[in-house]
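Trainee: A structural model of the following input is requested.
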Amino acid sequence: MKIIAVGDNVVDCYVDQNVYYPGGNCVNVAVNCKRNGCEESEYIGVFGTDDKAEHIKWALAREGVVYERSRTVIGISGQPRVKHTPHGDRVFVGSPENTVQKMMALKLVSSDLERISSFDVCHTSCYSLIETELPAIKERCSVSFDFSERMERWYLQMVCPNVEYAFFSGSHLSDEEIINLIDECHRMGVAVVGVTLGSRGAMFSEKGRLYSQGIVDVDVVDTMGAGDSFIAGFLTHYIDNRDMAAALEYAAQRAAQTCMVKGAFGYPHVLDLQETDK
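Mentor: Coordinates of the predicted model:
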């Protein structure tokens, strides 16, 4: 399987621990697919010109993820700030508004699209701000899209017709709401719809056939990036084997492994709290 991820990159700033880690949905999926043994993994995004961007690129190189088609824009990287409760839960406490990705949306050119056409799947997300690029991507290869908690009907109508694999975070949803969401996505053309449910596991549907997957119990260190790892595990196994049950089991195992390390995929860096305010 060959994957290209197009979209967001950030550093997750643990402000109560004075450390940050490389991340972002698309970066996390690209790295984890490579770790899962996919033949080729590439990333296209918008990098800033700060030390945080250099750290993300350094980590991608260490993981064997190609990023040379990415753009560089003068400015700061995305840097969501995270604090931890006494019980170990993560709480997001804000992010700068003047990041390069928020100011400069990624525009794909013909050479990008030609490159994308050589991959089995292109993964992106609601954080990547490239919804208008999806029809052109769909013409070249299958599209995987992480909606997170974006479930507004108008947004589904805009995105779903261009997507083969749709992923949602739905721990707050009832069983009835999950089924309704899955059915709606299928009606809009999505072949595989997955809803991760936190401690309840996940519910997936392949063209209307439902599958349920439980979690794998481990000693949790940090849940950052576990959902992205689940997506990467599913895509890696499913695209190569077309076996839903086996792909979901593998995805759960990979997500559990991510919960046993700090950060989305490691590589901590000392955080200068004054720098996060620039």
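Trainee: Name the nearest residue to Leu134, ignoring sequence neighbours.
Mentor: With CB to CB, 6 or more residues apart in numbering as the criterion, Leu134 has its nearest non-adjacent residue at 3.8 Å, and that residue is Asn162. To be clear about C-beta, it is placed using only N, CA and C from the backbone, and glycine gets the same treatment.
Trainee: cool, Val27 as well?
Mentor: In this structure, Val27 finds its nearest non-sequential neighbour in Asn9, 4.7 Å apart by CB to CB, 6+ apart.
Trainee: what does Gly7 give?
Mentor: Leaving aside its sequence neighbours, Gly7 sits nearest to Ser128 (CB to CB, 6+ apart; 2.6 Å).
Trainee: and the one you found, backbone torsions?
Mentor: phi -100, psi -10 (degrees, to the nearest 10).
Trainee: Please work out which residues outside the least confident helix or strand in the chain by mean pLDDT touch it.
Mentor: Lowest by mean pLDDT, DSSP states H and E among the helices and strands of the chain is strand 90-92, with a mean of 80. Here strand 90-92 makes contact (CB atoms under 8 Å, 6 or more residues apart in numbering) with 80-85, 222-224.
Trainee: show me what contacts the residue nearest to Leu134?
Mentor: 134-135, 137-138, 143, 145.
Trainee: Equivalent analysis for Met151, please.
Mentor: 168, 181.
Trainee: Now it. Its backbone dihedrals?
Mentor: According to degrees, to the nearest 10, Met151 has phi -130, psi 10.
Trainee: separation between it and Gln17?
Mentor: Distance, Met151 to Gln17, using CB to CB, to the nearest Å: 32 Å.
Trainee: thinking the residue nearest to Gly7 is in contact with Cys26, fair?
Mentor: Yes: using CB atoms under 8 Å, Ser128 makes contact with Cys26 at a distance of 6.2 Å.
Trainee: Am I right that Val5 is in a helix?
Mentor: Just to correct that, residue 5 is Ala rather than Val. No: assignment of Ala5 by DSSP: H, G, I helix; E, B strand; the rest coil gives strand, placing it outside any helix.
Trainee: Burial check on it, number of neighbours?
Mentor: Residues near Ala5, counting by other CB atoms under 10 Å, number 32.
Trainee: Make sure it is actually in contact with His123.
Mentor: Yes: counting by CB under 8 Å, Ala5 does reach His123; the two are 4.6 Å apart.
Trainee: Strands of the stretch 101-250 of the chain, start to end?
Mentor: 121-125, 142-148, 165-169, 192-196, 202-206, 209-213 (DSSP state E, counting those that start in this stretch).
Trainee: could you dump the fifth one to PDB, C-alpha only?
Mentor: Read that as strand 202-206. As requested, the backbone C-alpha atoms of strand 202-206 are provided in PDB (Å, rounded to 0.1, in the frame of the first residue of the first chain):
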ATOM      1  CA  ALA A 202     -15.400   1.600  17.200                       C
ATOM      2  CA  MET A 203     -18.200   0.900  14.800                       C
ATOM      3  CA  PHE A 204     -17.600   0.700  11.100                       C
ATOM      4  CA  SER A 205     -19.600   0.000   8.000                       C
ATOM      5  CA  GLU A 206     -18.600  -1.300   4.600                       C
END
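Trainee: on that earlier part again, nearest to Tyr155, out of the strands of the stretch 101-250 of the chain?
Mentor: Tyr155 lies closest, by CB to CB, to one member of the strands of the stretch 101-250 of the chain: strand 142-148, at 7.7 Å.
Trainee: Give the single residue among the contacts of strand 90-92 positioned nearest to Tyr238.
Mentor: Relative to Tyr238, and with distances defined as CB to CB, the nearest of the contacts of strand 90-92 is Thr223, at 22.9 Å.
Trainee: Roughly how far does that closest one sit from Val261?
Mentor: Counting by CB to CB, the gap from Thr223 to Val261 is 11 Å.
Trainee: how about Gln79, what does it touch?
Mentor: By CB under 8 Å, 6+ apart, the neighbours of Gln79 are 10-13, 20, 52, 95-96, 99, 276.
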